[in-house]
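Novice: predicted model, plus sequence, below.
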Amino acid sequence: MPALSWDLKIPSSDDTSERQKNQEDLAEFIRLTNQIDLLIRDAEVFRCQVSEVRRREDGSVEWIEVQEIPREHPPLTLFTADGGMAAFLLRDKYSGKWGSNEIELCSPELEGLRGGSPTNGHWELVEAYVLDETVRLRPAGALAGGGGLAEQLDSEAGGPRPGQEYILRTRGLRRQLQLVQRRKKAIERLADHTYLLESLSAPGQVFMDSGALPATPDPRKVDASKRAQIGAIMGTRPIYTVQGPPGTGKTHMAAWLLREILTEDPMAQILITAQAHSAVDVLRSKVESEAFDGIPEESRPLSIRLRRTVDPRQNVVATDERGSVRYVARDLLDKTIGRLEALREEAPLPVVPAEWLEACREMLRDLDTQNASEAHEFRELVRRSASVTYSSASDGDLAGLAGEVSYDWSIVEEAGKAHGFELALPLYLGHRWLLIGDAQQLPPYRMEDYQKALSNLDQVIQALRDLGGADGLVDRNLFTRWRERTEDEKTYFTKYCARWLAFFGQLHRLCTTHEPEEGLLTGQYRMHPDIGDLVSHTYYGGKLQHHTHDRAAHSLIAPADLKGKAVVWLDLPAAAVDPRAAETTQPKYRNEAEAQALEMFLSSLRGDSEHPANLAVLSPYAQQVVVLGRRLRTPEFRAELLRHGIVLAPDPRGASGGLAGTAGAPDKGGVFTVDSFQGNQSEIVAVSLVRNNRRQPGQGLGFLKAASRMNVLISRAERLLILVGSWDFFRAQVADVPRDERQYDELRHVAVLVDQLEKLFVEGRAVRVPADLTGLDERVRDIEAQRMCHQHGRGMKSEGGHL
């Protein structure tokens, strides 16, 4: 047998050097993008001047109007908000984020990223007049009938007055700056975690395969695709990625994986994180109600929920939330005391149990006392010994554990929506890592701005040098390292960063070489097969398997054309044929014709009023959500829909849909931007596509050319998908687009979507319905009259701040 050379086994110095450089570049990329976030946040701070104040008879403020004016120290031009302050606040209002539409008016001295409390309470957006660079705000909580802060904002208390200047920012900005600081510390630690950096930058170099373990979940509860992935995850170290297309049950799989991990190793400690608290809570619920269903409570793993606040609006500390450390500690003490007291009733307790009983009682009394050392130590013991810890990726309590606790597993949900720097903390805390997401759905926040930043890094570095009010947040060492790079090194690093910008997508590509089925979940349970086929063939190469073949399309009995159809195209004329159907670009983008057509169409639907179907109306544009909301959210239209067996879907953030949502939150529910509705679904989904213009083929679709956005738009419907737009316009836009996947074209997915719809039309599985535009001309005249009235009103001075 010939002797083997050690040279074949030991990496060469060149290989080692290259791997080390790869790790250093990845760490630097994460540092840099966290710093870019500072500049983006700086561009979300505006200077404004009060132009009008409306007061009630008692002198309290009903609303104010403020107009954007130039900042003394403008933000980096790359990141200035498209449409200015008014458009930014409008998008924020409909973003679906917790804490959205919470606005602070601060002293002009607080321009930039400086801290400080608001001068005049908290406000919320009522109207955004984008063309006039003006917004109307009301005191937060001051809905119809007054209340909230309105009574406090009288002129004697120094309330807003015409001509007064403020710095306007969202309430969430201060929290975002805290997150930047938190992440900065985690990233500094990450630079020393070479094993993690190598696992991320070159997973093939550290990949260990012990063979897929037989997954034991009940086949009646967990399908073959999920069982295969669970087995592969259990047998793969140290890192694994799972791609979960819409409706494939990513969270369901993660819940059962948790049970598998703890069955194999009952002593394992698992950290589960996601960007959004809601995603964490959904997974936690599935673990408790599905994966551990039927397991006695005393046999379930000890789990805790880390969360600093329950509701950002109220700033309530979540110490007593179910699952919080304090809640779990109290529960453990209560149960221990109960058991010991039960034993004492049977016979006197020995010395040690008796002392333990008294100690438990004392700790229970002191649990809410900050300085009680034993109770504090017990809470910390619970925090550090929990089998499962649930947290958002950047929670302050989680950051407090860095350097003190490490987890056997770190599982990240919704990883496709997160930037790399947002994952630094949860990844640092783990020894094995699982990231679950879908790079084919919406990308991380403001991805386009990060792309622009990478194309202008010299400008970005200089802007960071000049950034005011960010002491302690800016990484000054970044400047030195950038300056020391040669031009070739800068070019290489910029390209490297561009590859990693979609962090989960890049990592998934690197991991799929050793993952079965490329880490793809294939069984979908959400969409009717006809809708599922549309999504599968357009965005997933036809790989999805539909477990919804027994699902009826919908329960609607009228119009007759819809019978048995799960896909409907509500067809408007092309703008070149009927200019009334064209999109409006000022303010951009909205389409009154589509809103009119959809209102008329929804009025014609007839379903079961005893069992109404949920309806969600989506659009990629916040301006169109405003247009649709004014028509569809009225009490009269909600009542009409309900009589006909349809109810507006509830707001994912908690406001009720239907009539129940009208009294408390008339401007919520039913109509959403695509960004705010990702992760949700509805029986019926109508999509207002908005775009309809005279531009040349391939140039008129705006950001509908983003495959991720279109994928989410068409994959939210369970039983009926209604697409609203001009079929002739869309077909013309993609007429020259190559269908061959070997020829890259950013509009190829739209072309495939059009082809798939055409196929469904021919096969009778989908239908095109002509739009009814009756009343459109009158509606447009009314809107124009209202706009002119507002402009005229702004031109009149109000004496003493009154109209």
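Specialist: Structure's in. What do you need?

Novice: for the stretch 501-650 of the chain, which segments count as helices?
Specialist: In the stretch 501-650 of the chain, the helices defined using DSSP state H, counting those that start in this stretch lie at 503-511, 529-539, 592-604, 622-632, 635-643.

Novice: can you tell me how far the closest residue to Met600 other than its chain neighbours is from Ala582?
Specialist: The spatially closest residue to Met600, leaving aside those adjacent along the chain, is Asp772, at 4.3 Å (Cβ to Cβ, 6 or more residues apart in numbering). C-beta: built from backbone N, CA, C; applies to glycine. Distance, Asp772 to Ala582, by Cβ to Cβ, to the nearest Å: 18 Å.

Novice: returning to that earlier point: the residue nearest to Met600 reaches Ala597, doesn't it?
Specialist: Yes - using Cβ atoms under 8 Å, Asp772 is in contact with Ala597, at 6.4 Å.

Novice: my guess is Trp482 meets Val460, correct?
Specialist: No - Trp482 lies out of contact with Val460 (Cβ under 8 Å); the separation is 9.3 Å.

Novice: in the stretch 201-350 of the chain, where is pLDDT below threshold?
Specialist: Applying pLDDT under 70 to the stretch 201-350 of the chain flags the ranges 212, 215, 309-320.

Novice: what segments of it are helices?
Specialist: So, for the stretch 201-350 of the chain - with DSSP H, counting those that start in this stretch - the helices run 203-206, 224-235, 250-264, 277-286, 325-346.

Novice: quick check: which of these is nearest to Val724?
Specialist: helix 277-286 (27.9 Å; Cβ to Cβ).

Novice: does anything pack onto the top helix by length along the chain? Which helices or strands?
Specialist: For the chain, the helix reaching the highest residue count under DSSP state H is reported as helix 13-42. Applying 3 or more Cβ pairs under 8 Å, 6 or more residues apart in numbering; DSSP states H and E, one finds that helix 13-42 contacts helix 172-190, helix 194-201, helix 447-454, helix 457-466, helix 476-483, helix 487-500.

Novice: now the fifth one: buried residues?
Specialist: What that stands for is helix 476-483. Using 16 or more other Cβ atoms under 10 Å as the test for burial, helix 476-483 gives Leu478, Trp482.

Novice: the last one now?
Specialist: Along helix 487-500, these residues count as buried under the neighbour rule (16+ other Cβ under 10 Å): Phe493, Tyr496, Cys497, Trp500.

Novice: I'd like the helices of the stretch 201-350 of the chain laid out as TSV, including distance to Asp408 and mean neighbour count.
Specialist: Shown next, in TSV, are the helices of the stretch 201-350 of the chain (distance: least, Cβ to Cβ, whole Å; neighbours: other Cβ atoms under 10 Å):
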stretch	distance to Asp408	mean neighbour count
helix 203-206	17	14
helix 224-235	12	21
helix 250-264	8	22
helix 277-286	18	19
helix 325-346	20	15
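
Novice: looking at the ones you listed, which is nearest to Val126?
Specialist: Using Cβ to Cβ, the helices of the stretch 201-350 of the chain put helix 277-286 closest to Val126, at 26.1 Å.

Novice: just flag the most distant two among the buried residues of helix 487-500.
Specialist: Greatest spatial distance in these: Phe493 and Trp500, 10.7 Å, computed using Cβ to Cβ.

Novice: Ile684 touches Leu720, doesn't it?
Specialist: Yes - with contact defined as Cβ under 8 Å, Ile684 reaches Leu720; the gap is 4.5 Å.

Novice: overlap in contacts of these two?
Specialist: His554 (Cβ atoms under 8 Å, 6 or more residues apart in numbering).

Novice: follow-up on the earlier one: export the helices of the stretch 201-350 of the chain to JSON lines and tack on distance to Glu414?
Specialist: Listed next are the helices of the stretch 201-350 of the chain as JSON lines, based on distance: least, Cβ to Cβ, whole Å:
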{"stretch": "helix 203-206", "distance to Glu414": "20"}
{"stretch": "helix 224-235", "distance to Glu414": "17"}
{"stretch": "helix 250-264", "distance to Glu414": "8"}
{"stretch": "helix 277-286", "distance to Glu414": "5"}
{"stretch": "helix 325-346", "distance to Glu414": "24"}
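
Novice: coming back round to it: helix or strand next in line after the longest helix of the chain, which one?
Specialist: strand 46-55 (DSSP states H and E).

Novice: pLDDT weak spots in the stretch 651-800 of the chain?
Specialist: Looking at the stretch 651-800 of the chain by pLDDT under 70, you get 653-667, 790-800.

Novice: all strands for it, in order.
Specialist: In the stretch 651-800 of the chain, the strands defined using DSSP state E, counting those that start in this stretch lie at 671-673, 682-688, 717-725, 766-770.

Novice: for the third one, give me every contacting residue.
Specialist: Contacts of strand 717-725 from elsewhere in the structure, counted by Cβ under 8 Å, 6+ apart, are 526-528, 531, 534, 551-556, 562, 565-572, 594, 597-598, 601, 613, 681-692, 714, 757, 771.

Novice: can you redo the strands of the stretch 651-800 of the chain as a markdown table with mean neighbour count and distance to Gly629?
Specialist: Below are those laid out as a markdown table (neighbours: other Cβ atoms under 10 Å; distance: least, Cβ to Cβ, whole Å):
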| stretch | mean neighbour count | distance to Gly629 |
| --- | --- | --- |
| strand 671-673 | 26 | 5 |
| strand 682-688 | 25 | 11 |
| strand 717-725 | 25 | 15 |
| strand 766-770 | 17 | 23 |
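
Novice: adding distance to Arg383, write the ones you listed out as TSV.
Specialist: Putting the strands of the stretch 651-800 of the chain into TSV (distance: least, Cβ to Cβ, whole Å) gives the following:
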stretch	distance to Arg383
strand 671-673	37
strand 682-688	38
strand 717-725	40
strand 766-770	53
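
Novice: quick one: closest of those to Ala372.
Specialist: Comparing the strands of the stretch 651-800 of the chain by Cβ to Cβ, strand 671-673 comes nearest, at 46.5 Å.

Novice: pull up the pairing partners for that closest one, direction included.
Specialist: strand 613-619 (parallel) (DSSP bridges).

Novice: could you give me the average pLDDT of the partner strand?
Specialist: For strand 613-619, the mean pLDDT works out to 98.

Novice: so what's Ile64 bridging to?
Specialist: Residues in beta-bridge contact with Ile64 (DSSP bridges): Val53, Leu137.

Novice: ugh, typo on my part, it should be Tyr240
Specialist: Leu434.

Novice: from Trp727, how far off is it?
Specialist: To Trp727, Tyr240 is 43 Å away according to Cβ to Cβ.

Novice: have a look at the two and say which one is more surrounded.
Specialist: Tyr240 (24 against 19; other Cβ atoms under 10 Å).

Novice: which residues touch the more buried one?
Specialist: Ala232, Ile233, Trp433, Leu434, Leu435, Cys511, Glu515, Gly519.

Novice: before we move on, what about Ala735?
Specialist: Pro697.

Novice: and if you look at the one 10 residues further on?
Specialist: Taking Cβ under 8 Å, 6+ apart as the criterion, Asp745 is in contact with Val737, Pro738, Ala751.

Novice: that one and Met710, how far apart?
Specialist: For Asp745, the distance to Met710 - Cβ to Cβ - is 14 Å.

Novice: picking that back up, what touches both of Phe493 and Trp500?
Specialist: In contact with both Phe493 and Trp500: Phe29, using Cβ under 8 Å, 6+ apart.
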